[in-house]
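Engineer: here is my input; please provide its structure:
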Amino acid sequence: MNRKRIYAIIEKGVTHTLMSRVYEDFMLLMIIISLVPLLFNKQRPLFIWFDRISVIAFIIDYILRWITADMKHPEKKPIKAFLTYPFSFIAITDLLSILPSIGVFNRAFKVFRLFRLLKLLRVLRILRYTPRIEMLLFVFKKEKAVLLSVLGIAVFYIFVTALLMFNVENSCKASGCSIVFNSFFDALYWATTTLTTVGYGDICPVSDFGRIVSMVSSLFGLAIIALPSGVITASYMEEIKKSNNNSSNEKNP
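Structural biologist: So this is what the prediction gives:
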């Protein structure tokens, strides 16, 4: 089998043949199987086999993608594509999901829990085989300017609200109130949870003016959180319509 045929099978979206769909479903199954042992504290023999089979599949997939890197990036010279592929984000993620299973980190990391955390990177491999998640990431990239603007507003509002609440609550110390916000970080934590409308209730203002600030912050939080939600939803629906139209055009040339 030549490299062009391999690339057509392993790279999602290049072709829509039976082999490419089978490969995509098989790799998705391997990812799910590899995550099963992480759901349990005790390791069973079956889980060891799950890990071995999945890591072999991941290694083969990694090698196949490496040897076809020049086809994925035709704008680069072949030698440059081969040399730079291991340093791409998805390649690093794939490699970090493989290394803990083959014991490369045994000497460097002696804590078993760290192995489990590194294996959780296998979840990121699902991005490659899930078109809807990939589409959502594209929406984030497309609306980056708007989302960053909203993020800037949110961070600024959190800081101002936290600063106001921290000083308001500390100023009531003279009247005998107990201080809830022992540090500015406590105020930042409270402002963040309030802005996102979570409000755990573990830290809350005790003064009347502090409660007024809390109510105003909650109302503004609803408005700020609603802004990116609307943008993402509208853009995502637009991309779904484009995808459906493209599929219809391919079926009815």
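Engineer: use CA for all of it now, contacts and neighbours both
Structural biologist: Fine.
Engineer: dihedrals phi and psi, His73?
Structural biologist: phi -120, psi 70 (degrees, to the nearest 10).
Engineer: from Val22, how far off is Lys72?
Structural biologist: 20 Å (Cα to Cα, to the nearest Å).
Engineer: please pull out the lowest mean pLDDT helix or strand from this protein.
Structural biologist: The helix or strand of the chain with the lowest confidence, counting by mean pLDDT, DSSP states H and E, is helix 112-119 at a mean of 49.
Engineer: give me the contact list for the helix or strand hosting Phe50.
Structural biologist: Assigning secondary structure by DSSP states H and E places Phe50 in helix 45-67. Helix 45-67 is contacted by residues 3, 6-7, 10, 27, 30-31, 33-34, 36-37, 82, 85-86, 91, 94-95, 98, 101 when judged by Cα atoms under 8 Å, 6 or more residues apart in numbering.
Engineer: now, those residues that are in helices?
Structural biologist: 3, 6-7, 10, 27, 30-31, 33-34, 82, 91, 94-95, 98 (DSSP state H).
Engineer: select only the buried ones of those residues in ChimeraX?
Structural biologist: Per 16 or more other Cα atoms under 10 Å, the buried members of these correspond to this ChimeraX selection:
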select :7,10,27,30,31,33,34,82,91,94,95,98
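Engineer: now for the ones in helices among the contacts of helix 45-67: which two are most distant?
Structural biologist: The span of the ones in helices among the contacts of helix 45-67, defined through Cα to Cα, is set by Ile33 and Phe82 at 29.6 Å.
Engineer: quick one: distance of stretch 235-242 to the chain centre.
Structural biologist: The chain centroid and the centroid of stretch 235-242 are separated by 20 Å under Cα atoms, centre = their mean, to the nearest Å.
Engineer: export only the CA atoms of that stretch, formatted as CSV.
Structural biologist: What follows is stretch 235-242, C-alpha atoms only, in CSV (Å, rounded to 0.1, in the frame of the first residue of the first chain):
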residue,chain,number,x,y,z
SER,A,235,-22.0,31.0,14.4
TYR,A,236,-22.3,27.3,15.2
MET,A,237,-25.7,27.1,13.6
GLU,A,238,-24.4,28.9,10.5
GLU,A,239,-21.5,26.3,10.2
ILE,A,240,-24.0,23.4,10.5
LYS,A,241,-26.1,24.9,7.7
LYS,A,242,-23.0,25.2,5.5
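Engineer: in it, what's buried?
Structural biologist: In terms of neighbour count (16+ other Cα under 10 Å), stretch 235-242 has its buried residues at Ser235, Tyr236, Glu239.
Engineer: again, but for stretch 38-53
Structural biologist: Neighbour count says stretch 38-53 has Phe47, Phe50, Asp51 buried, by 16+ other Cα under 10 Å.
Engineer: could you check the pLDDT of the last one?
Structural biologist: With respect to pLDDT, Asp51 has a value of 84.
Engineer: same check on the first one?
Structural biologist: What the model reports for Phe47 is a pLDDT of 84.
Engineer: ditto for Ala69
Structural biologist: 88.
Engineer: burial of it, as a residue count?
Structural biologist: 22 (other Cα atoms under 10 Å).
Engineer: give me the number of residues near Arg223?
Structural biologist: Slight slip there: residue 223 is Ala, not Arg. A total of 11 residues lie near Ala223 under the criterion other Cα under 10 Å.
Engineer: separation between it and Asn182?
Structural biologist: According to Cα to Cα, Ala223 and Asn182 sit 29 Å apart.
Engineer: go on, Trp66?
Structural biologist: Applying Cα to Cα, the value for Trp66 to Asn182 is 53 Å.
Engineer: so for these two, which residue has more residues nearby?
Structural biologist: Higher neighbour count among Trp66 and Asn182: Trp66, with 19 against 12, using other Cα under 10 Å.
Engineer: and that one, how far is that from Ile60?
Structural biologist: According to Cα to Cα, Trp66 stands 10 Å off from Ile60.
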